[in-house]
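**Student:** Sequence and computational prediction follow.
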Amino acid sequence: MFSSAEISNPRTRRAFLAGAAQAYLGVNLLSQDLLAVGGNDRKIPSRKNPANKVIYLYMSGGMSHLDTFDPKPEASSEIRGDLSTIKTSADGVRVSEYLPKLAKHMDKVAVVNSLHSKQGAHEQARYLMKTNYAKRGTIQHPHMAAWFLKYENRINQQLPGFVSINSGSRAPGAGFFGIDCEPLIIGKPEAGLQNSKHFSGTPESDFMRRRKLSGRLDQKFHSKYKDKSASAYTAIYEEAVTLMRSSDLKVFDIAQEKQSLRDRYGDHSFGQGCLLARRLSESGVRSVEVQLGGWDTHQDNFQRVQSNTAILDQALSALLDDLHTSGMLKETLVVLTTEFGRTPKINQNAGRDHYPKAFSAVLAGGGVKGGIVYGKTDDKGTEPIEDSVTIGDFNATIAYGCGLPLDQRLFTKTARPFTVANHGDPIVKLFS
């Protein structure tokens, strides 16, 4: 409960009264699903030209920092294995030899090598990274992309504001923001948006007749049951029909691209997902997530990492190249992250185990300074020794890069306050 001192604060009192009314009177004093209340904003310089789109690349399973962006060439073989490093287009920045194509684009990239966490279980760590909150059984928190969409709304009203590719249906989505911020899930980017056309043999007249019948049934239901969630689903259905008839539907069909371009991204689901993400961003989709699994390398770490980095290297290099050439990189924040790193010491199965004490992430575009490395781990990659970054800090950095109000509190229907930054401090110096 709130203390008497807290209730004297008008913002807290407002939340208290709203919660009491909901609990005891069965009414909701909030005029909307969520009520925004200004928090105690820190003195953080505002972004002059924030990113207006995000492409979020998630390395599911726990990407090894030591074998990608934080290699330790001077460490013993039980730490580094046989891996060597290579020079990049950024002075003084070296990466794993597994990333030769990406090495040519490091002048566009900022690497964060000092991430750390206390969560070493996949589901909980993944949830924490994607939502900026610890997983609880009593509430579903929004994905960072849902926060972006909640504050900034859609760019193209014909297309969804948040698309998730290869992430599965169990990934965090809209959370307590409601269905308007749910992602459109694409299981196979090569197949595009499935079930988006009439069944073969169904005439337009039959389709329209069925729509009218459905509308009459919905109207009767809504007149009897004043449920906002049900109304939201009806609205989503209408949006789906609108998209089916929109010329923007073709953006989901990557087969329209030249085969040579598709080959540049790679003949795999992640590469084609990155190509689809680029097309969606170009057409005005606010946030696109693309996931690459296979990073849980408890056995045969080097063989499996080499296979995965080949996929990542090709796809991300092509994406950065295209965004840079088109000029879109200036307005698009590209994020590459994972739930945790891997143990520095190689285990008896030639693998690396879960290791949340140190890991790496990458940012590019949207005003991010390229060619820099922020933070540093010790000579074995066991822990940060300079400029340590929590997951809260990293997600606050994403929010800052998009120009979101870090400390503005949004209240749920039960008057619970949440902020996008969740007390994290953005790394302001990463931005120009």
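**Tutor:** Arrived safely, thanks for sending.

**Student:** If you count contacts, what does the strand or helix carrying Gly273 end up packed against?
**Tutor:** Assigned by DSSP states H and E, Gly273 belongs to helix 269-282. Applying 3 or more Cβ pairs under 8 Å, 6 or more residues apart in numbering; DSSP states H and E, one finds that helix 269-282 contacts strand 53-59, strand 162-165, helix 259-265, strand 287-292, helix 301-326. (Each C-beta comes from the backbone N, C-alpha and C, glycine too.)

**Student:** which residues touch it?
**Tutor:** 53, 55, 57, 159, 163, 165-166, 186, 188-190, 192, 251-252, 254, 257, 261-262, 265-266, 288, 290-292, 311-312, 314-316, 318-319, 322-323, 326, 328, 332 (Cβ atoms under 8 Å, 6 or more residues apart in numbering).

**Student:** That one: which residues count as buried?
**Tutor:** 269-281 (16 or more other Cβ atoms under 10 Å).

**Student:** where's the nearest residue to Leu319 once chain neighbours are set aside relative to Leu312, distance?
**Tutor:** Counting by Cβ to Cβ, 6 or more residues apart in numbering, Leu319 lies nearest to Cys274, which is 4.7 Å off, once chain neighbours are set aside. Distance, Cys274 to Leu312, using Cβ to Cβ, to the nearest Å: 9 Å.

**Student:** Equivalent analysis for Gly61, please.
**Tutor:** From Gly61 to Leu312 the distance is 12 Å (Cβ to Cβ).

**Student:** wait, what's in contact with Phe162?
**Tutor:** 143, 145-146, 148-149, 173, 181-184, 285-289.

**Student:** thinking again about what came up before, okay if I get the helices and strands packed on helix 269-282 as TSV plus mean pLDDT and distance to Lys380?
**Tutor:** Formatted as TSV, these follow (pLDDT from 0 to 100; distance: least, Cβ to Cβ, whole Å):
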stretch	mean pLDDT	distance to Lys380
strand 53-59	99	22
strand 162-165	98	35
helix 259-265	98	35
strand 287-292	98	26
helix 301-326	98	16
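
**Student:** Which one of those lies nearest to Met129?
**Tutor:** strand 53-59 (7.9 Å; Cβ to Cβ).

**Student:** Show me what the closest one packs onto, helices and strands only.
**Tutor:** Checking 3+ Cβ pairs under 8 Å, 6+ apart, strand 53-59 ends up next to helix 144-152, helix 269-282, strand 287-292, helix 301-326, strand 332-338.

**Student:** what lines up beside the shortest one in the sheet?
**Tutor:** It refers to strand 287-292. strand 53-59 (parallel), strand 162-165 (parallel) (DSSP bridges).

**Student:** Ok, which of these comes nearest Gly371?
**Tutor:** Gly371 lies closest, by Cβ to Cβ, to one member of those: strand 53-59, at 19.3 Å.

**Student:** Distance from the chain centre to that closest one, please.
**Tutor:** On the basis of Cα atoms, centre = their mean, to the nearest Å, strand 53-59 sits 5 Å off its chain's mean C-alpha point.

**Student:** what angle do it and helix 144-152 make?
**Tutor:** Here the directions of strand 53-59 and helix 144-152 differ by 170 degrees (axes from the mean of the first three to the mean of the last three Cα atoms, to 10 degrees).

**Student:** Out of the helices and strands packed on strand 53-59, which one sits most buried?
**Tutor:** Mean neighbour count, computed with mean count of other Cβ atoms under 10 Å, is highest for strand 287-292 among those, reaching a mean of 26.
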